[in-house]
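Novice: Any chance you can model this:
(one chain, ligands or ions: 1)
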Amino acid sequence: MSSNEENDTNPAEEATTAAPSSESTEAAPATPEDTVPAAGKAGRRPLIAGNWKLNAGGADGCDLAIAIARSAADREEVEVVVAPPFTAIAAVANELYNKKSDVGVAGQNVYFEESGAFTGEISPSMLRTAGANWVILGHSERRQLFGETDELVAKKLVAANAGGLKCIVCVGETLDQREAGQTLDVIRTQVSAVLPELARSVGDSVIAYEPVWAIGTGKVASPEDAQEVHAAIRQLLADADAELADQTRVLYGGSVKANNAEGLLSQPDIDGALVGGASLEAEGFGKIIDIAAKLVRQGKNS
Ligand code: PGA
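Specialist: Residues are numbered from 1 along each chain as shown. As a prediction, the model looks like this:
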């Protein structure tokens, strides 16, 4: 379902902070209603999400989003989401709406309270009002630099779902933990914390496996190593509920680029990618979208 189909009105129009949008000159073609995109593995549509982190928070974010929308326009096999900084969400959502783009918009974080004395925080409904329909939760930078715990991530997931946001919940081990053979224990602990809410809202959320040692380092996990952890995550979900395991997309993240995406996305339990650095450059990000679409068309994702 596209972001536009979900909302009758321009989501960003309600935002008091929305930047004025430029006129639509080159509308991307909407998905024809009678075209059902080919499905991915077990019917899971691949998701390619760009995490812009502390970049592209102004007009440059709008330009980037427009370029990405062009790349995504005829790639209905793949769901595409961008996560700008808070300052650009309303403007980016507005631009994408004007271009009739299906590209979704995510916050990079959210707080679990709706309102009150929480200086510097943003609530789920504020994100929705600004035009976001997704949010990234528990990114390792939030966990490591801002002290987010499993418990906090779980509270945010409950609040975000209640507020109508789809969530990308990040999990992953550090290099020390991997070298100590603790990878699967760490993943089990992190996934278990959010499992009750995932099971309550089957298929609404996405898990992103992001080994901390691979984020922003250029050291990508091998497709086989990534698949091993993805299969373990799928098994954890299956232990709770077979349908949950079937319907939950599990993304890989950590130094994904156009030149390593195919090996990763071909793996049976990898349903897409959470892309940091390479999502700041529309051409390279577009190539990752192309690869995901090609794999679906070739039936390699089924
Ligand atoms: P990277 O970041 O692709 O730059 O490694 C991924 C992420 O942090 O989500």
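Novice: And the strands in this protein, which stretches?
Specialist: 47-51, 79-83, 104-107, 134-137, 166-171, 206-209, 249-253, 272-275 (DSSP state E).
Novice: Can you lay out those strands as CSV showing mean pLDDT, mean neighbour count and distance to residue 295?
Specialist: Quick note: C-beta positions are derived from backbone N, CA and C, even for glycine. Shown next, in CSV, are those (pLDDT from 0 to 100; neighbours: other CB atoms under 10 Å; distance: least, CB to CB, whole Å):
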stretch, mean pLDDT, mean neighbour count, distance to residue 295
strand 47-51, 98, 27, 11
strand 79-83, 98, 28, 14
strand 104-107, 98, 26, 20
strand 134-137, 98, 26, 22
strand 166-171, 98, 26, 20
strand 206-209, 98, 26, 18
strand 249-253, 98, 26, 13
strand 272-275, 98, 30, 11
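Novice: Residue ranges in the stretch 51-200 of the chain under the pLDDT threshold?
Specialist: Of all residues in the stretch 51-200 of the chain, none has pLDDT under 70.
Novice: And the helices in it, which stretches?
Specialist: 59-72, 86-98, 124-130, 140-145, 150-162, 175-179, 183-200 (DSSP state H, counting those that start in this stretch).
Novice: What is the longest one packed up against?
Specialist: Other elements packing on helix 183-200 under the criterion 3 or more CB pairs under 8 Å, 6 or more residues apart in numbering; DSSP states H and E are helix 150-162, strand 166-171, strand 206-209, helix 223-240.
Novice: Contact distance from the ligand - what residues of the stretch 151-300 of the chain qualify?
Specialist: 210, 215-216, 253-256, 274-278 (CB under 6 Å from any ligand atom).
Novice: these two touch, right, residue 264 and residue 270?
Specialist: Yes. Using CB atoms under 8 Å, residue 264 makes contact with residue 270 at a distance of 5.6 Å.
Novice: and for the two, which residues touch both?
Specialist: Residues touching both residue 264 and residue 270 by CB atoms under 8 Å, 6 or more residues apart in numbering: 223, 226, 252.
Novice: Tell me the one of those nearest the ligand?
Specialist: Set against the ligand, the nearest of these by CB to the nearest ligand atom is residue 252 (9.6 Å).
Novice: residues touching that closest one, list them.
Specialist: Contacts of residue 252 by CB under 8 Å, 6+ apart are 208-210, 221, 226, 230, 264, 267, 270, 272-274.
Novice: The closest residue to the ligand within the chain: how many residues sit nearby?
Specialist: Residue of the chain nearest the ligand, by CB to the nearest ligand atom: residue 276 (2.2 Å). Applying other CB atoms under 10 Å, we find 23 residues neighbouring residue 276.
Novice: Residue 136 versus the closest residue to it other than its chain neighbours, what's the distance?
Specialist: Of all residues not flanking residue 276 in the chain, residue 51 sits nearest, at 5.0 Å (CB to CB, 6 or more residues apart in numbering). To residue 136, residue 51 is 6 Å away according to CB to CB, to the nearest Å.
Novice: what sits in contact with each of the two?
Specialist: 83, 108, 274.
Novice: For the second one, list the residues it contacts.
Specialist: When you say that, I think you mean residue 108. 51-53, 83, 85-86, 135-136, 139.
Novice: do the first one as well
Specialist: Shown in contact with residue 83 (CB under 8 Å, 6+ apart): 49-52, 105-108, 134, 136.
Novice: got it, and the last one?
Specialist: Each residue near residue 274 by CB under 8 Å, 6+ apart is listed here: 49, 51, 136, 168, 170, 208, 210, 251-253, 256.
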